[in-house]
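Peer 1: this one's sequence-less:
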């Protein structure tokens, strides 16, 4: 984990994401089991307490100074933005704008970001599959 910057949550790395539990190992009785989002899914509002706890961010501290992170995406094996098999690439869009959360009970990780369009706001969620994380 990178050193914290004043006013920002801890910045997490690809290695931090790889340490999160595999979604396939989610206990059947866990409260987060209904959150199945292998690819990016729209949700009515950001998710958080009490089900999830915030672990940190993938946003670069330089972004706090007004620099915009890239909007280029990284794809492999014919994936698209919402593909369940798309890589989780922290340096690329939309991951470079994400907050990282984890289930309080089982530790399963989730990425969240909010897409702002001309006339809409779309809250999005994707579970962290450690096997899909790339540098």
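Peer 2: Sure, I can see it. Nothing here was measured: the structure is a model prediction, and the numbers come from that model.
Peer 1: now the most centrally placed residue in the chain. Its backbone dihedrals?
Peer 2: Closest residue to the average C-alpha location of the chain: residue 111 at 1.8 Å, with Cα atoms, centre = their mean. Backbone geometry at residue 111, expressed as degrees, to the nearest 10, gives phi -110, psi 140.
Peer 1: what's the pLDDT at the nearest residue to residue 97 once chain neighbours are set aside?
Peer 2: Leaving aside its chain neighbours, residue 97 sits nearest to residue 113 (4.7 Å; criterion: Cβ to Cβ, 6 or more residues apart in numbering). For every residue, glycine as well, the C-beta is placed using N, CA and C. Per-residue confidence (pLDDT) for residue 113: 91.
Peer 1: neighbouring strands for the helix or strand hosting residue 113, and are they parallel or not?
Peer 2: Using DSSP states H and E, residue 113 sits within strand 109-116. As defined by DSSP bridges, the strand partners of strand 109-116 come to strand 99-103 (antiparallel), strand 121-127 (antiparallel).
Peer 1: leaving aside the residues next to it on the chain, what's closest to residue 103?
Peer 2: Of all residues not flanking residue 103 in the chain, residue 32 sits nearest, at 4.0 Å (Cβ to Cβ, 6+ apart).
Peer 1: residue contacts, the one you found?
Peer 2: Residues near residue 32 by Cβ atoms under 8 Å, 6 or more residues apart in numbering: 26, 51-52, 103, 105-106, 108.
Peer 1: now residue 111
Peer 2: Residue 111 makes contact with 58, 88, 95, 98-101, 125-128, according to Cβ under 8 Å, 6+ apart.
Peer 1: turn those into CSV, including pLDDT.
Peer 2: Listed next are those as CSV, based on pLDDT from 0 to 100:
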residue, pLDDT
58, 94
88, 93
95, 93
98, 94
99, 96
100, 97
101, 97
125, 96
126, 96
127, 96
128, 97
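Peer 1: okay if I get those as CSV plus distance to residue 73 and neighbour count?
Peer 2: Converted to CSV, the contacts of residue 111 look like this (distance: Cβ to Cβ, whole Å; neighbours: other Cβ atoms under 10 Å):
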residue, distance to residue 73, neighbour count
58, 14, 25
88, 12, 23
95, 9, 25
98, 13, 25
99, 19, 20
100, 19, 24
101, 22, 24
125, 17, 19
126, 13, 23
127, 18, 23
128, 17, 25
